[in-house]
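Undergrad: return a 3D structure for these sequence lines:
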Amino acid sequence: MPFADLLGRKLNGPRIAVHVHFSLSSIYDAQDRPIANVRLEGGTLVRDAAPLPLESGRGTDLRAEQWTGVKLRGVFDNCTSDETMEFPISARIVTTTMHPDLSGVSEYRVEVQDPRPREPGAEPEFVSLCEGDEPALVVPGTWDESGAHRYENGIFSFACPNTAAAKCVNPWNYHPGYADQNPSISALYDACIRMTTADYCGDGDSATKDGTWIDVWDSAHIEEPGSQEGQHFEAAWWRGGAVCMHHARWPYLLKQECRNQIRTCSSAEEAQKLVPPGTALLFNSSEVRPYVSKCCSGGDRSRMGRASWNRRQE
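TA: Below is the predicted model:
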């Protein structure tokens, strides 16, 4: 099993992000000297007084190669049946590059110390945080066991490409690091996490499969509706789950007690009438599938994918 899977949000459902979060005050250079004044600007880690700036579009960044070997000390949480337990973990940045498609956003190849027991006296082994040694994005905050995004001052997480936390940044454009530029971004990012994982009741329970085609748009017009051929309006979302819904993406995966809690709607316009004016909402469409009982569907919930994909990516 890839190490990143050991860090998955839930093994029987989509991952939101890895279970490791870090503090901006616990970052060190290769000689273990604390790096002061590190902050997150947009989608990039930056610090003051960098001798050679890297153009990131926002503020002064270290040159990309100067992040190589930087060490981080974080917290590995929710890794046992006791969700309150936390364990310290070490990580290091291997490489840093600017994202090819997102202005002001960096990608970080990160390795974390393997927590599995080693022989006495053996050097710690570091393994890639993301599957396939892919680079991760940086997003502020962390997530709890219910899937709620918690914005804590100075705390950030790495979002691997196959997680909901990264997909809501790219291809969708809801990077929470830019909330200061658009007041709707933070709410829409959190709503996107719920939508991507089909967490209708906002309790951390996912009801989707990997590779499911969906189209996404929002009330702030950051994303606009795309081609919806063969699809129908599915639901409207906020950071607490679905505001209302027309149908479940995969009906047999949605618990009936959750379905009973959600109001019915058939369009974005209808959904907006159910919330106070100005409330930022995310909308999606998907194929309407007939209900097939779990016993006969050929599906296996324990193998559910980590997120639904935007139609443009399929």
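
Undergrad: would you map the helices across the stretch 1-150 of the chain?
TA: Using DSSP state H, counting those that start in this stretch, the helices found in the stretch 1-150 of the chain span residues 3-6.

Undergrad: brain fart, the stretch 151-300 of the chain
TA: Under the criterion DSSP H, counting those that start in this stretch, the stretch 151-300 of the chain carries helices at the ranges 164-167, 185-196, 256-259, 268-272.

Undergrad: so for S146, which of the ones you listed sits nearest?
TA: The closest approach between S146 and any of those, judged by Cβ to Cβ, belongs to helix 185-196 at 10.6 Å. Using the backbone N, CA and C atoms, a C-beta is placed for each residue, glycine as well.

Undergrad: what residues does the closest one touch?
TA: For helix 185-196, contacts defined as Cβ atoms under 8 Å, 6 or more residues apart in numbering pick out 14, 16, 143, 147-149, 151, 164-165, 167-169, 172, 174-176, 178-179, 199-200, 202, 208, 214, 216, 218, 220, 222, 235, 237-242, 280-282, 284, 307-308.

Undergrad: nearest to V94, out of the helices of the stretch 151-300 of the chain?
TA: Nearest to V94, of all the helices of the stretch 151-300 of the chain, is helix 164-167, at 17.5 Å by Cβ to Cβ.

Undergrad: work out the gap between that closest one and the centre of the chain.
TA: Its chain's C-alpha centre lies 3 Å from the corresponding centre of helix 164-167 when counted by Cα atoms, centre = their mean, to the nearest Å.

Undergrad: need phi/psi at Y200.
TA: Dihedral angles of Y200 (phi, psi; degrees, to the nearest 10) stand at phi -60, psi -40.

Undergrad: low-confidence bits of the stretch 1-150 of the chain, can you list those?
TA: 1-19, 48-65, 76-87, 115 (pLDDT under 70).

Undergrad: count the residues that sit near H246.
TA: 18 (other Cβ atoms under 10 Å).

Undergrad: run through the residues that contact it.
TA: Neighbouring residues of H246 by Cβ under 8 Å, 6+ apart: H232, F233, E234, A235, T264, C265, S266.

Undergrad: give me the neighbour count for G240.
TA: G240: 16 surrounding residues under other Cβ under 10 Å.

Undergrad: now A36: how far from I27?
TA: To I27, A36 is 9 Å away according to Cβ to Cβ, to the nearest Å.

Undergrad: these two: which has the busier surroundings?
TA: The neighbour comparison of A36 against I27 (other Cβ under 10 Å) goes to I27, with 21 against 11.

Undergrad: correct me, but that one touches N37?
TA: No - using Cβ atoms under 8 Å, I27 makes no contact with N37, being 10.2 Å away.

Undergrad: can you check which residues contact both of these two?
TA: By Cβ under 8 Å, 6+ apart, no residue touches both I27 and N37.

Undergrad: ok, the nearest residue to A271 once chain neighbours are set aside to R194 distance?
TA: Excluding its sequence neighbours, the residue lying closest to A271 (Cβ to Cβ, 6 or more residues apart in numbering) is A236, at 3.4 Å. Here A236 is placed at a distance of 11 Å from R194 (Cβ to Cβ).

Undergrad: can you list the helices and strands that the strand ranked longest in the chain packs against?
TA: Longest strand in the chain by number of residues, with DSSP state E as the criterion: strand 86-98. Judged by 3 or more Cβ pairs under 8 Å, 6 or more residues apart in numbering; DSSP states H and E, strand 86-98 is in contact with strand 20-28, strand 71-77, strand 106-113.

Undergrad: the same query, at a cut-off of 10 Å, please.
TA: When contacts are defined as 3 or more Cβ pairs under 10 Å, 6 or more residues apart in numbering; DSSP states H and E, strand 86-98 sits against strand 20-28, strand 44-47, strand 54-55, strand 71-77, strand 106-113, strand 126-128.

Undergrad: now it: buried residues?
TA: Across strand 86-98, burial judged by 16 or more other Cβ atoms under 10 Å covers E86, I89, S90, A91, R92, I93, V94, T96, M98.

Undergrad: so how far is that strand from its chain's centroid?
TA: The gap between where strand 86-98 is centred and where its chain is centred comes out at 17 Å by Cα atoms, centre = their mean.
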